[in-house]
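Visitor: Below are the sequence and a predicted model for it; my questions follow.
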Amino acid sequence: MSSRPSKRKKPSRDDFVLKEERKLESEVFDRNTLRILAKMVKKGVFSTLDFPINTGKEANVFRATTPDGIFLAVKIYKMETAPFFRKIEYLEGDPRFGNIKRNDRSIVLAFARKEFKNLKICEEAGVHVPRPIYLDKNVLVMSFIGENGLPYVSMNLSQDANENDLDSLLTDIRKMYKAGLVHADISEYNVLMSDPPTLIDLGQGVVLSHPRAKEFLERDVRNILAFFGKLGIKRDLAKMLEWIRK
């Protein structure tokens, strides 16, 4: 595998933060979530919730600041969001979550717990992911992946993805596999362009005993190879899967 040096494009407030502020969906701050955030502030987990750094149908992510001035990422899962019902298969086949009730609240809270557990597995395996710090119901606190207080861009927005990045991602997928986990949602949208790249959004990750773990692994690798293939960086899918499973 190659070892060429690379330079990272620095995040820009104009390109990212202001856009995310306009996209903020106010329903994320329901009464129970506000209580949880207030409790975290009281405990000193963080002192301020600063601004949104990523918004989506299922969750919003905010930058927060600790009393010591350290930046964190706070992911708030929305308590009522239909897309989670379409992802129930990621829970039903996972022995860690065998008795989940089919209602919005139970499913959302299970995905929050699942992401926290998966991040811990990855951290222990040396995978480049945000470090899990604190979880309370639908609010997950992680380390902040960025520079100068701004998050790194996702790979789909990057102008400088290279062969080193592909090598790092494949190595992380292999480390996850050896730790008994498959991400199950890897694409250029779930990779932050730190150096080396950081995998995010691990809520769908499944253990190897999941009946579709093999399928999800192949999809993850295929997605990454397809992205880099468009950049002229080619790898053989079968050979990469064999190497990951070796």
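Guide: Sure thing, it's come through. None of these values were measured; they are calculated from a predicted model.
Visitor: What count of nearby residues applies to the residue nearest to Met193 when sequence neighbours are not counted?
Guide: Spatially, and ignoring its direct neighbours in sequence, Met193 is nearest to Ser158 (4.5 Å; C-beta to C-beta, 6 or more residues apart in numbering). Every C-beta, even on glycine, is put in place using the N, C-alpha and C of the backbone. Number of residues near Ser158 (other C-beta atoms under 10 Å) recorded here: 18.
Visitor: Next: Asp68.
Guide: Residues near Asp68, counting by other C-beta under 10 Å: 8.
Visitor: Show me which parts of the strand or helix carrying Ile121 are buried, residue by residue.
Guide: Per DSSP states H and E: Ile121 is located in helix 104-125. Residues of helix 104-125 classed as buried by neighbour count (16 or more other C-beta atoms under 10 Å): 107-119, 121-123, 125.
Visitor: just stretch 49-63 next, same as before
Guide: 49-56, 58-63.
Visitor: ok, now stretch 132-143?
Guide: Pro132, Ile133, Leu135, Asp136, Lys137, Asn138, Val139, Leu140, Val141, Met142, Ser143.
Visitor: quick one: the fifth one and Arg131, what's the gap?
Guide: When C-beta to C-beta, to the nearest Å is applied, the distance between Lys137 and Arg131 equals 20 Å.
Visitor: how is the protein carved up into domains?
Guide: 17-150, 153-245 (automatic domain parsing).
Visitor: need the ones you listed in a markdown table with mean pLDDT, can you?
Guide: Output for those, formatted as a markdown table (pLDDT from 0 to 100):
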| stretch | mean pLDDT |
| --- | --- |
| domain 17-150 | 87 |
| domain 153-245 | 97 |
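Visitor: ok so, going back, out of the buried residues of stretch 49-63, which two sit at the greatest distance?
Guide: Greatest spatial distance among the buried residues of stretch 49-63 (C-beta to C-beta): Asp50 and Glu58, at 21.2 Å.
Visitor: got the contact list for the nearest residue to Phe71 once chain neighbours are set aside?
Guide: Excluding its sequence neighbours, the residue lying closest to Phe71 (C-beta to C-beta, 6+ apart) is Phe144, at 4.0 Å. Applying C-beta atoms under 8 Å, 6 or more residues apart in numbering, we find Phe144 in contact with Arg63, Ile70, Phe71, Leu72, Ala73, Pro130, Pro151.
Visitor: Of these, which belong to helices?
Guide: Judged by DSSP state H, helices contain none of the contacts of Phe144.
Visitor: hmm, which of those residues are the buried ones?
Guide: Looks like the contacts of Phe144 have Arg63, Phe71, Leu72, Ala73, Pro130, Pro151 buried, using 16+ other C-beta under 10 Å.
Visitor: Deepest-packed of the domains of the chain, please.
Guide: Burial of the domains of the chain is given as mean neighbour count (mean count of other C-beta atoms under 10 Å); domain 153-245 ranks first at a mean of 18.
Visitor: And Met79, how far from Ser106?
Guide: Distance of Met79 to Ser106, computed by C-beta to C-beta: 11 Å.
Visitor: try Gly69
Guide: 37 Å.
Visitor: next one: Gly126
Guide: Here the criterion is C-beta to C-beta. By it, Gly126 lies 32 Å from Ser106.
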